[in-house]
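Enquirer: for reference, the sequence and a predicted model appear below.
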Amino acid sequence: MKKALMYCSLKAVFAAMTVVMSFSFCTENLDEALKNADQPEDSVHSPAFAAKGTLIWQDEFNYTGAPDPAKWNTETGIRKNELQYYTNRDVNRYVSNGSLHLIAIKESYGGKNYTSGKINTRNKFTTKYGRIEARIKLPVFKGEFPAFWTLGANIGTYPWPACGEIDIMEQLNTNNTIYGTTHWDNNGHKSSSGSTTTTIGSWHVYAVEWTSASIKWYVDSNLYKTFNILGAPNGTWELHQPHYLLLNLAVGGDWPGFVVDDSKLPAQMDVDYVRVYSMN
Ligand SMILES: [Ca+2]
C-alpha cells in the first residue's frame, strides 16, 4: 500500500513537472497571442492546454443573436439579495463579433433597478471532470459580480450545497482579485477558496482542471489553487458528479455590497469562447 502510494506520488510529481515545463514552454506564445488580441478572434487558441485532452464541448460564439439554444438556457428573474433582474432580452445577453455579451443596464424592471444576463447549460451539457475554460474580458465598475461556474446536475434532487458547486472565476467591484472556490455539503455547507490578481479589464483565460484527484484553478497559465478531492475526503462526493456550466453578470449582492457606480452602465462581460476538454 505504501509502495503504491509512493509510486502515485512520484507519478504526480512527474506529471506536475511535465505540466510546469509545458506551461513555461507555451506561456510566451500564449501571452503574445493574448497581447495581440484586444478584439476577440477565434484564431486565438490555447495550445498549451489543448494538448492536455480532447475537446468535448465548446461554444466559440461565432454567430449573431441569442446564445445558441441547443447549448444554453437563459435564466430569468431575481436572485436573493442581488440588485439585478435577469431577462431573456437581447439587450441583456447577445452574441456578436465573435463573443457573448452579458450586459448590465440601469433600468427599472420587474421591481429591480438593474437588468443583466445569465445563461447555463442545464440539461444540455454536463461534465464530470475535465478542463473547463473560458476567455473572458470583465467589465470594470463598482457593483459588478461576474461569475463563470458550475453546479451539480442533480440539484433538483440534492439542493445546494449538496449538489456541489465549482466557481471557476468570481470577481467583485473594481478589484483585481479573482476568486476560485468550491462548495459542497458535509453535515452543512463547506467551501474552499483561493485567489489571485489579474488585470480584470483585459482578456484572460479562466480555467479549472478537474480530475478525480484534484481541482486546479488557473488564470491564463497561473495555477493559483489546488484542492484535493482524491477519494472524496470530507464528504466531497458532489465534486465527483456531473456538473453543468453557468455564466452571469450580477449587480450587487451580499458579497460585492450594494453600492453601484451607475455612471459606468451599461457595462458588459465579454466571453470569446467556452471550451471543455476531457482530462483523461
Ligand atoms: Ca469567439
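Expert: Everything's here; your move.
Enquirer: counting neighbours, what do you get for whatever residue of the stretch 151-280 of the chain ends up closest to the ion?
Expert: Closest approach between the stretch 151-280 of the chain and the ion, counting by Cβ to the ion: D272, at 4.2 Å. Heads up, the C-betas are built off the backbone N, CA and C, glycines and all. Other residues near D272 come to 22 when the count uses other Cβ atoms under 10 Å.
Enquirer: isn't it right up against I136?
Expert: Yes - using Cβ atoms under 8 Å, D272 is in contact with I136, at 7.3 Å.
Enquirer: part of a strand, is E133?
Expert: Yes - applying DSSP: H, G, I helix; E, B strand; the rest coil, one finds E133 inside a strand.
Enquirer: tell me the residues on the stretch 151-280 of the chain that lie near the ion, please.
Expert: Neighbours of the ion within the stretch 151-280 of the chain, by Cβ under 5 Å from the ion: 272-273.
Enquirer: in the stretch 101-250 of the chain, what residue is nearest the ion?
Expert: Counting by Cβ to the ion, the stretch 101-250 of the chain gets nearest the ion through R135, at 7.6 Å.
Enquirer: helix or strand: which one has the spatially closest residue to that residue that is not a sequence neighbour?
Expert: Computed as Cβ to Cβ, 6 or more residues apart in numbering, the closest residue to R135 that is not its neighbour in sequence is D272, at 4.0 Å. Here D272 sits within strand 267-277, counting by DSSP states H and E.
Enquirer: so for that strand, mean pLDDT?
Expert: The average pLDDT within strand 267-277 is 98.
Enquirer: likewise stretch 148-157?
Expert: pLDDT averaged over stretch 148-157 gives 98.
Enquirer: buried set for it?
Expert: 148-155 (16 or more other Cβ atoms under 10 Å).
Enquirer: with stretch 231-243 instead?
Expert: 236-240, 243.
Enquirer: same thing with stretch 188-199?
Expert: 192, 194-196, 198.
Enquirer: columns pLDDT on top of these, output as a markdown table?
Expert: Listed next are the buried residues of stretch 188-199 as a markdown table, based on pLDDT from 0 to 100:
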| residue | pLDDT |
| --- | --- |
| S192 | 98 |
| G194 | 98 |
| S195 | 98 |
| T196 | 98 |
| T198 | 98 |
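Enquirer: and T236, that's in a helix?
Expert: Yes - the assignment for T236 by three-state DSSP puts it in a helix.
Enquirer: contact partners for it?
Expert: Going by Cβ atoms under 8 Å, 6 or more residues apart in numbering, T236 touches 164, 182, 184, 186, 229.
Enquirer: most surrounded residue in these?
Expert: Neighbour max across the contacts of T236 (other Cβ under 10 Å) = T182, 27 neighbours.
Enquirer: how about that one, secondary structure?
Expert: Quick answer, by three-state DSSP: T182 is strand.
Enquirer: quick check: pLDDT value at it.
Expert: Looking at T182, the pLDDT reads 98.
Enquirer: enumerate the beta-bridge partners assigned to the residue lying closest to it once chain neighbours are set aside.
Expert: Spatial nearest neighbour of T182, excluding adjacent residues (Cβ to Cβ, 6+ apart): I166 at 5.1 Å. Here I166 sits in beta bridges with T150, T182, as judged by DSSP bridges.
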